[in-house]
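[1] Return atomic coordinates for the entry below.
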Amino acid sequence: MHPYVGLDSRAYWKTAVSALSPLAFEDIYRPKVEITRQTRIGAAGSCFAQHIGRQFKQRGYHYLDKEPAPPMMAQADRARFGYDIYSARHGNLYSMRQMVQLLRRARGEFTPAETAWEQDGRWYDPFRPAIQPGGFASRDELETDVAHHLAKVLELVKDTQLQVFTFGLTECWQTRADGAALPTCPGTVAGAWDADKYAFVNYDYGDVMADAEAFIALGREHNPQMEFLFTVSPVPLTATATGGHVLPASVYSKSVLRAVCGALEQKHSFVDYFPSYELVASHPMRAMFFEPNLRAVSPVGVGHVMDTFFAAHGDTGRVAAGAGPVQTAAARAMDLVCEEEALEANAT
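    Below is the predicted model:
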């Protein structure tokens, strides 16, 4: 007798993986954190996180949205202007550093040295460069919008019971003046590139872990009962600024993020991890859930991930009345707002 005798079938590769179809993996996720339709849920993270928010809303959960779109705005324009995506109008937060920075700005603990980019008479938010296509008409208009946004972020963190965050990247661009983390390289979506003002950083395990612990501490300072659900995006890097090949750069990034999530899930009773990365990008899946570019996740892949998650929480039913079929979110898998895609235009 030894510890490997008599384990559940899910513990052995043969019975849990190789003997099954990838569509039939069982018991791959056992939730630690209970989620009900009354749980006040906030969501943020990289592009892939948009699918999670959509599904929570469509299935009738209490998904928080502190910055809803103006009622007169056409539905087709809302995502383009940063609405109906996350629980606040902050756009994609590719790194945990951005998330922590946003909370500290909302709390009045950090004011970045660089707060506006002027381009052709229009004004852009360096920390949300894509949420206002064509920019703001004036700096005053931009600053008013930022003040409103930060107030809503603070309101959000006070109200959230379950914070969902999808880790996306370790590569980031920062301002040299104060180390403020930017969502995109200046000059790609907005702003202008200046090597004297901006620097590239590739966060390591210690960096990401410290940021994640800071995020948890900040959240539970406002709500001591706050719980967390972490995932890792299965979407590879569009491009790498490390000087190396994009494939090992992607593996490094996802490995660091997955290791941090694993350590946090083991350490904290109030932190859960859902294996969206494994369900799409691990080798038993044979890349069948990716589009031909081997990067974008197909509607079938998105649907499989979401069905696995909600089924584990006992939710195999339909969405709220009038919300349309659950599959709508999967069918719109390609309809994401993702600033990182702008980098692909530079590939030759």
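
[2] can you give me the helices in this structure?
    13, 49-58, 75-78, 96-106, 139-159, 205-222, 246-267, 276-281, 299-312, 327-331 (DSSP state H).

[3] I'd like these as JSON lines, with distance to Ser21 appended.
    In short, each C-beta sits where N, CA and C put it, glycine included. Below are the helices of the chain laid out as JSON lines (distance: least, C-beta to C-beta, whole Å):
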{"stretch": "helix 13", "distance to Ser21": "15"}
{"stretch": "helix 49-58", "distance to Ser21": "23"}
{"stretch": "helix 75-78", "distance to Ser21": "37"}
{"stretch": "helix 96-106", "distance to Ser21": "35"}
{"stretch": "helix 139-159", "distance to Ser21": "40"}
{"stretch": "helix 205-222", "distance to Ser21": "34"}
{"stretch": "helix 246-267", "distance to Ser21": "24"}
{"stretch": "helix 276-281", "distance to Ser21": "13"}
{"stretch": "helix 299-312", "distance to Ser21": "11"}
{"stretch": "helix 327-331", "distance to Ser21": "19"}
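
[4] Out of those, flag the one nearest Lys32.
    Closest to Lys32 of those is helix 246-267 (C-beta to C-beta; 7.5 Å).

[5] So what touches the closest one?
    32, 167-171, 202-205, 208-209, 212-213, 216, 228, 230-232, 234, 236-237, 239-240, 242, 271-273, 277, 281 (C-beta atoms under 8 Å, 6 or more residues apart in numbering).

[6] repeat that with 6 Å
    Contacts with helix 246-267, where a contact means C-beta atoms under 6 Å, 6 or more residues apart in numbering, come from 167, 169-170, 205, 208-209, 212, 230, 232, 236-237, 240, 242, 271, 273.

[7] again with stretch 74-83
    Taking C-beta under 6 Å, 6+ apart as the rule, stretch 74-83 contacts 69, 84-85, 89, 91, 131, 133, 337.

[8] That stretch: end-to-end distance?
    In stretch 74-83, first residue to last residue: 11 Å (C-alpha to C-alpha, to the nearest Å).

[9] Of all the residues in it, which ones are buried?
    The neighbour-count check on stretch 74-83 (16 or more other C-beta atoms under 10 Å) flags 79, 81-83 as buried.

[10] returning to that earlier point: same list (the contacts of stretch 74-83) but as a markdown table, adding neighbour count, distance to Asp8 and pLDDT.
    Listed next are the contacts of stretch 74-83 as a markdown table, based on neighbours: other C-beta atoms under 10 Å; distance: C-beta to C-beta, whole Å; pLDDT from 0 to 100:
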| residue | neighbour count | distance to Asp8 | pLDDT |
| --- | --- | --- | --- |
| Ala69 | 18 | 46 | 95 |
| Asp84 | 19 | 41 | 92 |
| Ile85 | 27 | 38 | 92 |
| Arg89 | 23 | 44 | 97 |
| Gly91 | 24 | 41 | 94 |
| Ile131 | 22 | 46 | 95 |
| Pro133 | 9 | 51 | 95 |
| Val337 | 18 | 41 | 67 |
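
[11] What is the most widely separated pair among these?
    Top of the distance list for those (C-beta to C-beta): Asp84 and Pro133, 15.1 Å.

[12] residue boundaries of the strands in the stretch 1-150 of the chain?
    Ranges of strands in the stretch 1-150 of the chain, per DSSP state E, counting those that start in this stretch, are 41-45, 117-119, 122-124.

[13] Which of those strands has the highest mean neighbour count?
    strand 41-45 (a mean of 25; mean count of other C-beta atoms under 10 Å).

[14] and that strand with helix 205-222, angle?
    Here strand 41-45 points in a direction 160 degrees away from that of helix 205-222 (axes from the mean of the first three to the mean of the last three C-alpha atoms, to 10 degrees).

[15] tell me what strand 41-45 is packed against?
    helix 49-58, strand 162-167 (3 or more C-beta pairs under 6 Å, 6 or more residues apart in numbering; DSSP states H and E).

[16] Adding mean neighbour count, write these out as JSON lines.
    Shown next, in JSON lines, are these (neighbours: other C-beta atoms under 10 Å):
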{"stretch": "helix 49-58", "mean neighbour count": "24"}
{"stretch": "strand 162-167", "mean neighbour count": "26"}
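
[17] can you redo these as JSON lines with mean pLDDT and distance to Glu265?
    As requested, the helices and strands packed on strand 41-45 are arranged in JSON lines below (pLDDT from 0 to 100; distance: least, C-beta to C-beta, whole Å):
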{"stretch": "helix 49-58", "mean pLDDT": "88", "distance to Glu265": "17"}
{"stretch": "strand 162-167", "mean pLDDT": "97", "distance to Glu265": "12"}
